[in-house]
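Novice: give me a 3D structure for the following:
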Amino acid sequence: MSLRTKLLLLSLLTLILPWAGWKYAQQMETTLRSGQEAALLTTADVLGRVVASEPELLYRVGQARDTFDPSRGDLFAPLLPTQPLIDGFADEWPQPSRPVPGFGNTSPEEPLLRLGVHGRSMHFFAEIQTPRRAYEVPTASGAVPERGNDRLIILTRDEFGRERAWSVGALAPGPIIVRSCDIGSPWRPHADDMPYFTGVWRETTTGYAVELRGPLNLFGTQVAVFALDKDNTRISGTQGLAWLHTGSEALKQRLEQYAPEHVRVSVVDVNGWLLARAGSVTVNASSTYPGLQRNEDGFMRSIYRGLFPSSSVPAQSYGLPYGMWGAPVDDARAGKNSAIWFDQAGGEPSLVRAAVPVRFGDELLGALVVEQPGEQLVLVRELALTRLLNLTLVATLFAVIVTLVFAARLSHRIRRLSRAATTALTAEGRIEHSIPGTQARDELGALARSYDTLLGRVKEYTVYLQTLGTKLSHELRTPLTIVSSSLDNLVSEETLPPNAQSYVDRARSGTNRMHAILTALSEATRVEQSIEHTDRVRFDLAELVRNMGQAYRQTFASHRIETQVPSEPCMVDGSPDLIAQLLDKLMDNAAGFTPANGRITLTLDAGPREYKLSVSNEGPPLPPQLDGRLFESLVSSRGSSDGKPHLGLGLYIVRLIADFHGSRVTATNLQDDTGVTIVLEIPMTYSPAV
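Specialist: Numbering: from 1, shown residues only. Down below sits the predicted model:
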């Protein structure tokens with residue numbers, strides 16, 4: 001993994017900033033929610049004390065609190081939000097948002113009843129199933145017929161035990177006729193009509209439906225409904241008198257007096273039936289928070305909503321308008337204060353709902369529920385998260401770009417330093433270092449200065465090694481001359497015994513080898529010095545190579561010498577003597593590795609811009625450890641047995657002569673590894689650097 005990639009990954013750690021901001025916003029939201037819940041519970045507790053001060057507003061009679069049970073047939077008449085149209089249809093009657101006891105499909109023996117309170121009126125709807133329908137036929141005398149038509153009997157009982165009954169009939173589908181009647185079969189109607197009732201009789205596919213409206217105080221505390229056919233036979237009805245529990249319009253008016261603005265207050269009894277509701281929840285966040293006036297449903301905010309979902313619970317179906325069951329109402333009906341947040345659903349905004357028990361002394365009367373919109377806090381949270389995440393993402397992008405630029409700059413400096421260190425040692429073995437960035441004051445500058453110091457010391461040591469031969473030659477020549485002259489004097493002055501003569505011969509052989517070594521060491525120095533004073537001339541390289549090839553056939557008679565030279569002239573600028581010396585070294589090197597009767601090829605090829613002079617020989621390939629070091633001083637791989645010293649200076653002299661001619665010399669193995677070829681590339685024209 002590159003340094004640039006590592007720094008890029010490191011810069012991505014700045015993404016922890018959006019996460020930290022989100023966690024902070026969540027904690028802040030939790031704190032604000034707790035504060036709003038506590039404030040709402042305080043408001044609910046105050047309103048609950050107001051309601052508890054007038055317990056008579058909750059129940060028409062106290063007995064209903066203990067005996068009311070819809071599962072056995074008791075009826076509940078909620079407060080209707082709007083007044084139904086008296087048309088005989090049940091479309092306008094509200095449906096509960098969840099299954100409610102006593103509200104649902106009934107058997108054919110029980111009528112489908114709907115009761116509701118609006119203002120001081122009771123609204124009544126009943127649907128009767130009967131295969132035959134008969135209407136009242138007016139008599140000539142104006143008397144009320146006691147039979148012959150379908151009727152609906154409504155029996156009521158007030159809190160004092162007084163009972164009254166009404167007979168509801170019709171002359172035809174349309175307006176109803178309501179008369180008081182006797183209590184008990186045959187429910188004989190009286191002649192006086194009830195002007196306080198209005199309603200409609202409508203035929204249905206399975207029978208008929210009756211919808212009417214009358215004064216609330218006429219319905220009492222218990223109600224029974226019976227459907228009679230034309231023979232006064234009961235075809236359906238309730239199971240006797242059922243308790244009638246209604247919402248309280250007086251309690252609703254009292255709540256409207258105390259309910260704060262934009263807050264909805266509800267009161268339920270101990271069983272969860274809704275007695276009254278006042279106020280409304282509205283959201284006007286944009287007027288309070290100008291930042292929310294724009295981009296209410298923007299693309300980025302929709303993404304953030306998906307990434308960071310709300311901590312509110314999904315909205316629940318409470319069973320409105322008949323009652324409220326579920327959290328937190330159930331906790332309040334059990335005597336505990338509770339508050340909870342709900343997500344936006346059902347056409348209502350996000351809500352915070354608090355519920356407290358309503359007590360009269362030690363007696364639990366019901367629960368008071370206060371609802372306040374929480375959308376403002378939700379929108380403010382989303383706006384804060386949007387701004388925070390946008391800023392942190394921009395900061396992260398900026399950090400990534402700056403890190404990439406810094407990484408590119410750092411990588412560039414490191415690559416320059418690496419390239420300078422790699423090219424400090426040339427292919428010819430010279431150290432030519434120019435380390436960049438040594439003036440920098442950081443760690444890379446210190447590293448560059450260390451490299452520069454190291455390469456300077458290596459260069460000094462290399463120069464010392466290159467001049468070591470000259471120094472040794474100068475220092476050893478005088479003592480070696482003394483040894484040689486002493487051996488000559490020893491032999492000339494007296495006759496030595498045979499065994500001593502062998503020692504003298506061996507000493508002379510050693511001194512001769514040492515003379516040869518000193519001569520070889522001095523030769524490289526002489527070549528360097530001669531190169532400095534050599535003049536350049538224009539000469540024919542092809543003619544020179546051709547003549548040298550003929551001479552080598554006689555010199556290296558034990559090998560097969562082949563020469564391949566172009567017939568046209570090959571003119572170059574340089575020194576023919578140095579080129580001849582270079583060929584001598586190459587041929588001597590090739591002959592040392594070529595077996596007897598082996599082939600040595602001397603070739604000159606003309607290229608587009610340079611001449612290629614090569615010497616190829618059969619023999620062992622180059623060892624891998626000498627790759628790139630063959631033309632350095634004192635480097636040799638020769639292990640010949642000709643008794644001559646091989647110090648590795650021959651190819652070093654070849655490189656010196658090649659440098660003088662601005663040429664490049666290389667040594668490679670033949671393709672089949674049967675030998676070695678050394679190629680010298682001589683430019684056709686050469687202009688030495690000034």
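Novice: where in the stretch 501-650 of the chain is pLDDT low?
Specialist: Within the stretch 501-650 of the chain, the stretches falling below the threshold (pLDDT under 70) are 516, 520-526, 529, 625-649.
Novice: so which residues of it form strands?
Specialist: Here the stretch 501-650 of the chain has its strands, by DSSP state E, counting those that start in this stretch, at 537-540, 560-564, 571-574, 599-606, 610-618.
Novice: and residue 23, which of the ones you listed is closest to it?
Specialist: Across the strands of the stretch 501-650 of the chain, residue 23 has its closest neighbour in strand 610-618 (71.7 Å, Cβ to Cβ). Quick note: C-beta positions are derived from backbone N, CA and C, even for glycine.
Novice: output the lowest mean pLDDT helix or strand found in this protein.
Specialist: Lowest on mean pLDDT, DSSP states H and E among the helices and strands of the chain sits helix 285-288, with a mean of 46.
Novice: pLDDT on the one helix or strand residue 421 maps to, on average?
Specialist: Assigned by DSSP states H and E, residue 421 belongs to helix 375-423. Per-residue pLDDT over helix 375-423 has a mean of 78.
Novice: helices or strands next to that helix in the packing?
Specialist: In terms of contacts (3 or more Cβ pairs under 8 Å, 6 or more residues apart in numbering; DSSP states H and E), helix 375-423 is packed against helix 3-11, helix 16-52, helix 285-288, helix 299-307, helix 443-466.
Novice: packing partners of whichever strand or helix holds residue 371?
Specialist: In this structure, residue 371 sits in strand 363-373 according to DSSP H and E. For strand 363-373, the packing partners by 3+ Cβ pairs under 8 Å, 6+ apart come out as helix 16-52, strand 264-269, helix 329-333, strand 351-360.
Novice: name the residues of the shortest one that are buried.
Specialist: The neighbour-count criterion (16 or more other Cβ atoms under 10 Å) identifies 329, 331-333 as the buried residues of helix 329-333.
Novice: residues in contact with it: which ones?
Specialist: Here helix 329-333 makes contact (Cβ atoms under 8 Å, 6 or more residues apart in numbering) with 268, 270-272, 318, 337-338, 355-357, 364, 366-369.
Novice: and of those residues, the nearest to residue 33?
Specialist: Closest approach to residue 33 among the contacts of helix 329-333 (Cβ to Cβ): residue 338, at 14.0 Å.
Novice: got the phi and psi for the closest one?
Specialist: Main-chain dihedrals, residue 338, degrees, to the nearest 10: phi -160, psi 150.
Novice: how close does it get to residue 45?
Specialist: Distance from residue 338 to residue 45, counting by Cβ to Cβ, to the nearest Å: 12 Å.
Novice: give me the nearest residue to residue 455, chain neighbours excluded.
Specialist: Closest residue to residue 455 apart from its sequence neighbours, by Cβ to Cβ, 6 or more residues apart in numbering: residue 433 at 4.0 Å.
Novice: mind checking the SS state of the one you found?
Specialist: Following DSSP: H, G, I helix; E, B strand; the rest coil, residue 433 is assigned to coil.
Novice: is it in contact with residue 422, as I believe?
Specialist: No. Judged on Cβ atoms under 8 Å, residue 433 makes no contact with residue 422 at a distance of 10.6 Å.
Novice: looking at the two, which is more packed in?
Specialist: Counted by other Cβ atoms under 10 Å, residue 433 and residue 422 do not tie: residue 433 has more neighbours, with 16 against 8.
Novice: quick one: closest of the strands of the stretch 501-650 of the chain to residue 124.
Specialist: Evaluated with Cβ to Cβ, those place strand 610-618 nearest to residue 124, the distance being 118.3 Å.
Novice: what residues does the closest one touch?
Specialist: 541, 545, 570, 572, 583, 586-587, 589-591, 593-595, 598-605, 663, 670, 674-684.
Novice: give the buried residues for it.
Specialist: So strand 610-618, judged by 16+ other Cβ under 10 Å, has buried residues 610-611, 613-618.
Novice: again, but for stretch 56-70
Specialist: For stretch 56-70, by 16+ other Cβ under 10 Å, it's 57-61, 64-65, 68, 70.
Novice: need these in TSV (columns: secondary structure).
Specialist: Converted to TSV, these look like this (three-state DSSP):
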residue	secondary structure
57	helix
58	coil
59	coil
60	coil
61	coil
64	helix
65	helix
68	coil
70	helix
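Novice: burial count for residue 210?
Specialist: Residue 210 has 25 nearby residues by other Cβ under 10 Å.
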